[in-house]
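[1] only geometry, no sequence info:
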């Protein structure tokens, strides 16, 4: 179906920055298969997607789709028609002013006669499960619905192939899973070929074959099993591996019993592999300290006090109730995670903390200041820094330094003091000083995000509130940002992080606040919150993957602490528990 | 949160006027503009007023919304009225700073008031209030399609308008988000002198423009991926069908117009 033979695309000055060069890429995708293309940000994986769809044309080598080589207008449109594409940003691919019009956009371009078009649109909407939304305007849809709409738009052109270019990167886990289920179902029903460009490793498990792109070349290829057998190589390429494989290879290293190819590929296999090694090596491995010591420091004084907070976006509409009687306190020096499914009120809640929204009922106190009193707002915003999702979108100054200093305007500081503060803030997020004189728009995605965080830190806030700080970053960038947050916490900044990702939040948070439909659903340490699985499910959330893996051993090792959220700690806990069991026996 | 942002002031409905073909509505509203302007005698104006009242009834939109449409031109109306009342000939009714207000002047002032108000009310009624912006854009494209032969980019214009309409809510949301983000960084959009305020605006506008460019780039790619290649050979999903209602209504309007145009040759009244 798709064949690349030594295809190269060399960077061209006329092209936007996001296009990265690829060299000598060879790949073959057969009809009806599901192929994953992996790579860190900037590896050139999106260029591969654009080459398949003839949005870019190769300079050297051959690209062939369905037996057609895109060379002239006619063949280019033939290829594009065969390959439906779903892009990353749900908002930026909807053209129509209503759902059905958008689905019709492709058929219109193909010059499809009216009657056939109506049929094609109906069928595509039904296949994507959007028939009931057909007359809605795009901005009334959720992110997940928008991505399904993009699929419907592709389906209406009767493609043979679906290319997902980081299509789930901006969705919450629940919508992402639903989206992928739809893709898989369509693949089976219509014998569609699926090419998924991603850096989400759990999605890779759905694929038949994997290509890992690095620096514009195919660095690794094979079945998912084959690729994940080389987990060290994969991690070296700036990616990660599914958690159960990571834990199993940790155990393998500690016990000196290497994994056989494919031995730990599935969750159940990984459990068996670990079990076997633990029994075999019991007693020979020293037990390490399992759990991470959390909150060893004394809890500090209360910094934020929220009491009986309620908020509604529309007093006449009960479904617009965003927050309902929420009360909690945040203490100095802690890292509080705020989790909940989409629409649970997370964003609304944090906007109350610095008085961007004012509660009609309830009280918010930050550092002893009442957020509903106008004259306190300036003070509160200076001491509680709030960063929204994709904060790099707010950068605007000519240089990074000026942008970071923006928050200091209105404070009576000398230029020297400002320079000092900017340098300090940049250093705290690991931005090197030579970047400060550059335009913020020349920075890479991760650097831009750091610059935006520095723009808050420059005010030397006591509290930092981050809304999905890792959204859209590749595994390495994500880990770095979260480690930054932990480091800041260790330096004494109180941090609140809003996230969809249970694995991330469980790893870094001291306490976790769970919101469900605007109500406070739970508040406690990660161990407390995630052990109550029933309650967690009520809120539509999942147990972190590391914990789920450990839970498989609860029957064998009753002493096992399952509240570990990192692979190496989980491995240590398993080894420890196995050692204890040996002693006991 | 899905906020309802209404573009223009479209009033949802399924009245007779709502259901008319937008192409006809566009032409009729232009026609009624001309008719309103060319009404000179008071009987003509009275006729157009009555007809407009009937249209308003047929459109089933609140009178309040119609009257609101006059507000933007209120200044113009007052200006035209004052200019007219002082420019009439004949016996002065009142003298004012050496300027005379005559009966004829007063009449012509009132007539101007009516003419301009009727003009605006008719366009508002047929277009703004009862036709969605996207349908107006569509109707224009279709009506102007003969200009394609003169290499006028009719399709492109309509596509631009349609995309602009599609992205207005998205960009409004974005603007709000950026404003909140900058406020969190200590920007205060109410405080300070004009220079600080202008700088504050820059901190919103630049990120907004950059975002708009990025979206434009993404959207162009998405359109190309779906085989967009201009208007040539394109079929349309949104069809416009002419119904008997459209024809009958247009004939009626045309007859009334004709009456206004040729009436003065048969009917003579003193005003």
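    It's in. Since we're looking at a predicted model, the values are computed, not measured.
[2] Confidence-wise, which helix or strand of chain B is lowest on average?
    strand B:92-96 (a mean of 76; mean pLDDT, DSSP states H and E).
[3] Check which helices and strands that strand sits against.
    Strand B:92-96 sits against strand B:99-102, with contacts defined as 3 or more Cβ pairs under 8 Å, 6 or more residues apart in numbering or on different chains; DSSP states H and E. In short, each C-beta sits where N, CA and C put it, glycine included.
[4] Partner strands of the strand it packs on and their direction?
    Applying DSSP bridges to the sheet, strand B:99-102 is found paired with strand B:92-96 (antiparallel).
[5] wouldn't residue B:197 be in contact with residue B:203 here?
    No. The criterion here is Cβ atoms under 8 Å, and residue B:197 misses it with residue B:203 at 10.8 Å.
[6] Poorly predicted segments of the stretch 51-200 of chain A, please.
    Residue ranges of the stretch 51-200 of chain A with pLDDT under 70: none are present.
[7] quick one, helices of it?
    A:73-82, A:99-110, A:114-127, A:143-155, A:173-190 (DSSP state H, counting those that start in this stretch).
[8] Turn those helices into a markdown table, columns for mean neighbour count.
    Converted to a markdown table, those look like this (neighbours: other Cβ atoms under 10 Å in any protein chain shown):
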| stretch | mean neighbour count |
| --- | --- |
| helix A:73-82 | 19 |
| helix A:99-110 | 25 |
| helix A:114-127 | 18 |
| helix A:143-155 | 25 |
| helix A:173-190 | 17 |
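[9] Tell me which of those helices lies nearest to residue A:577.
    helix A:173-190 (29.0 Å; Cβ to Cβ).
[10] Now do that closest one and helix A:143-155, the angle between them.
    20 degrees (axes from the mean of the first three to the mean of the last three Cα atoms, to 10 degrees).
[11] ok, residue A:113 - how many residues close by?
    Per other Cβ atoms under 10 Å in any protein chain shown, the neighbour tally for residue A:113 reads 9.
[12] quick one: low-confidence parts of the chain?
    Reading this off chain A. Within chain A, the segments meeting pLDDT under 70 span A:11-19, A:282-299, A:584-585.
[13] sorry, should have said chain B
    For chain B, the ranges with pLDDT under 70 are B:1-8, B:267-271.
[14] swap the cut-off to 50 and go again
    Where chain B drops to pLDDT under 50, the residues are B:1-6.
[15] so what's residue 239 closest to, chain neighbours aside?
    Here I'm looking at chain A. residue A:475 (5.5 Å; Cβ to Cβ, 6 or more residues apart in numbering or on different chains).
[16] you looked at the wrong chain, it should be chain B
    Residue B:239 sits nearest to residue A:114 (Cβ to Cβ, 6+ apart), 6.3 Å away.
[17] residue contacts, that neighbour?
    By Cβ atoms under 8 Å, 6 or more residues apart in numbering or on different chains, the residues touching residue A:114 are B:235-237, B:239.
[18] can you check residue B:19 too?
    B:243, B:245.
[19] can you check residue B:116 too?
    Residue B:116 touches B:36, B:73, B:76-77, B:80, counting by Cβ under 8 Å, 6+ apart.
[20] again, 6 Å this time
    When contacts are counted by Cβ atoms under 6 Å, 6 or more residues apart in numbering or on different chains, residue B:116 touches residue B:77.
[21] ok but it is inside a strand, no?
    No. Read with DSSP: H, G, I helix; E, B strand; the rest coil, residue B:116 is helix and lies in no strand.
[22] That one and chain A, how far apart?
    33 Å (Cβ to the nearest Cβ, to the nearest Å).
[23] gap between that residue and residue B:130?
    21 Å (Cβ to Cβ, to the nearest Å).
[24] now swap in residue A:247 and tell me
    64 Å.
[25] likewise residue B:258?
    From residue B:258 to residue B:130 the distance is 24 Å (Cβ to Cβ).
[26] Of these two, which one has the most company?
    residue B:130 (26 against 11).
[27] Against residue B:227, how distant is the more buried one?
    34 Å.
[28] again, but for residue A:545
    41 Å.
[29] before we move on, what about residue A:455?
    Plainly put, residue A:455 is 42 Å away from residue B:227 if you go by Cβ to Cβ.
[30] Neighbour count for the two, which is higher?
    residue A:455 (32 against 21).
[31] For residue A:563, which residues are in contact?
    Contacts of residue A:563 by Cβ under 6 Å, 6+ apart are residue A:527.
[32] Go ahead and report the secondary structure state at it.
    coil.
[33] Tell me how many other residues crowd residue B:163.
    18.
[34] Looks to me like it is in a strand.
    No. Secondary structure of residue B:163 (three-state DSSP): helix, not part of a strand.
[35] mind listing the strands for the stretch 151-300 of chain A?
    Along the stretch 151-300 of chain A, the stretches classed as strands by DSSP state E, counting those that start in this stretch are A:161-165, A:193-198, A:209-214, A:217-222.
[36] Can you say which of those strands is nearest to chain B?
    strand A:161-165 (8.6 Å; Cβ to the nearest Cβ).
[37] for that closest one, packing partners?
    helix A:45-52, strand A:83-86, strand A:193-198 (3 or more Cβ pairs under 6 Å, 6 or more residues apart in numbering or on different chains; DSSP states H and E).
[38] Distance from the chain centre to that strand, please.
    19 Å (Cα atoms, centre = their mean, to the nearest Å).
[39] Now do stretch A:8-25: distance from first to last residue.
    The first residue of stretch A:8-25 is 6 Å away from its last residue (Cα to Cα, to the nearest Å).
[40] no no, stretch A:360-378
    Stretch A:360-378: ends 20 Å apart by Cα to Cα.
[41] Now that stretch: buried residues?
    For stretch A:360-378, burial by neighbour count (16 or more other Cβ atoms under 10 Å in any protein chain shown) applies to A:362, A:364-367, A:369, A:371-372, A:376-377.
[42] what's the most buried one of the helices and strands packed on strand A:161-165?
    Of all those, strand A:83-86 has the most neighbours on average by mean count of other Cβ atoms under 10 Å in any protein chain shown, namely a mean of 28.
[43] mind listing what that strand pairs with, with the direction of each?
    strand A:161-165 (parallel).
[44] Tell me the buried residues in the partner strand?
    A:161-165.
[45] Report the angle between it and helix A:73-82.
    80 degrees.
[46] Serialize the helices and strands packed on strand A:161-165 to a markdown table and add fields for distance to residue B:13.
    Shown next, in a markdown table, are those (distance: least, Cβ to Cβ, whole Å):
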| stretch | distance to residue B:13 |
| --- | --- |
| helix A:45-52 | 45 |
| strand A:83-86 | 37 |
| strand A:193-198 | 45 |
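[47] Looking at these, spot the one closest to residue B:53.
    In terms of Cβ to Cβ, the element of those nearest to residue B:53 is strand A:83-86, at 52.4 Å.
[48] Show me the contact partners of the closest one.
    By Cβ under 6 Å, 6+ apart, strand A:83-86 touches A:52-53, A:150-151, A:154, A:159, A:161-164, A:167, B:225.
[49] Centre of the chain to that strand, how far?
    So, by Cα atoms, centre = their mean, the centroid of strand A:83-86 is 22 Å from its chain's centroid.
[50] ditto for stretch A:492-499
    18 Å.
[51] And that stretch, what's buried?
    A:493-499.
[52] mind listing the helices for chain B?
    B:16-19, B:22-38, B:42-59, B:63-68, B:74-85, B:103-123, B:133-144, B:154-184, B:194-225, B:244-262 (DSSP state H).
[53] could I get those as TSV with distance to residue A:412?
    Listed next are these as TSV, based on distance: least, Cβ to Cβ, whole Å:
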stretch	distance to residue A:412
helix B:16-19	60
helix B:22-38	59
helix B:42-59	60
helix B:63-68	47
helix B:74-85	45
helix B:103-123	53
helix B:133-144	49
helix B:154-184	20
helix B:194-225	14
helix B:244-262	68
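[54] Residue A:75: which of these is closest?
    From these, taking Cβ to Cβ, the stretch that ends up closest is helix B:194-225, at 14.6 Å.
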